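K.L.:
heads up, no residue letters with this:
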């Protein structure tokens, strides 16, 4: 049992909330029973150590069993120690330290049929929600491009509720590199933009039935003219009511599912 919340170990784990430390050590925080469970189920090879309090919570027996089966070490800690390690104000009793990874665009896009590209997306909640929606819609990869937030940011990881461990996630420094890799893989890139052509017309034309990579821009600024020029086409999601717009995560969820429906249309 680790009991000292001021120990060097606690400080070392807590420091992973900062990008500088994540990059330096190649590690990141996975907080909460759902995210830890999904990591154990899908990528136990990445997990270094699990830190958990003792108690009667329903998740504890399952996480202990999964960790034992997958040979991941569980360290017992006091609630005070866990609070000192966690990025959240009210941690849920368990967190893990996981290795980060580097995945090439070519490997991420290999055989991909549906891809989400996040360009200059800065809000961790939005980024995590889009990644989760991409996972739910059956996407094959998510790419973080440009100055988008780090996918290993604690708030991004929590927002994905485990989806981070379900599908390939790659990072690239520019949208140009992402779209070039998409084009080389034979995938059509579609920019989601209010100045684009009609989504309904594109759907009628059968555009969404092919291999598609959606490009989603910054929450406030969207995509620039230069960004849109990198895509094969720009399409807009229609708004039928009085709302001025949809937020990034909502629009992305609709477009990803719309594409997933088209790709799975039994009429084809």
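P.N.:
Nice, I can see it. Given the structure is predicted, the values throughout are model-derived calculations rather than measurements. Residues are numbered from 1 along each chain as shown.
K.L.:
Where do the strands of this protein begin and end?
P.N.:
For the chain, applying DSSP state E gives strands covering 27-31, 47-52, 73-76, 94-99, 114-119, 141-145, 169-172, 188-198, 212-216, 233-236.
K.L.:
Save these as a markdown table, and put in mean pLDDT and distance to residue 151 too.
P.N.:
Every C-beta, even on glycine, is put in place using the N, C-alpha and C of the backbone. A markdown table is the format used below for the strands of the chain (pLDDT from 0 to 100; distance: least, Cβ to Cβ, whole Å):
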| stretch | mean pLDDT | distance to residue 151 |
| --- | --- | --- |
| strand 27-31 | 97 | 9 |
| strand 47-52 | 97 | 17 |
| strand 73-76 | 96 | 25 |
| strand 94-99 | 97 | 12 |
| strand 114-119 | 98 | 9 |
| strand 141-145 | 98 | 5 |
| strand 169-172 | 97 | 5 |
| strand 188-198 | 94 | 19 |
| strand 212-216 | 98 | 14 |
| strand 233-236 | 96 | 25 |
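K.L.:
Mind checking those for the one nearest to residue 14?
P.N.:
Residue 14 lies closest to strand 27-31 among the strands of the chain, at 8.5 Å (Cβ to Cβ).
K.L.:
what's next to the closest one, contact-wise?
P.N.:
Residues from elsewhere that reach strand 27-31 (Cβ atoms under 8 Å, 6 or more residues apart in numbering): 13, 16-17, 22, 36, 39, 47-48, 85-88, 91-92, 94-100, 152, 154, 157-158.
K.L.:
Can you flag the buried ones in these?
P.N.:
13, 16-17, 22, 36, 39, 47, 85-88, 91-92, 94-98, 100, 152, 154, 157-158 (16 or more other Cβ atoms under 10 Å).
K.L.:
how many other residues sit next to the closest residue to residue 187 other than its chain neighbours?
P.N.:
The shortest distance from residue 187 to any non-neighbouring residue, by Cβ to Cβ, 6 or more residues apart in numbering, is to residue 211 (4.4 Å). Residue 211 has 18 neighbouring residues, counting by other Cβ atoms under 10 Å.
K.L.:
Residue 211 and residue 129: what is the separation?
P.N.:
24 Å (Cβ to Cβ, to the nearest Å).
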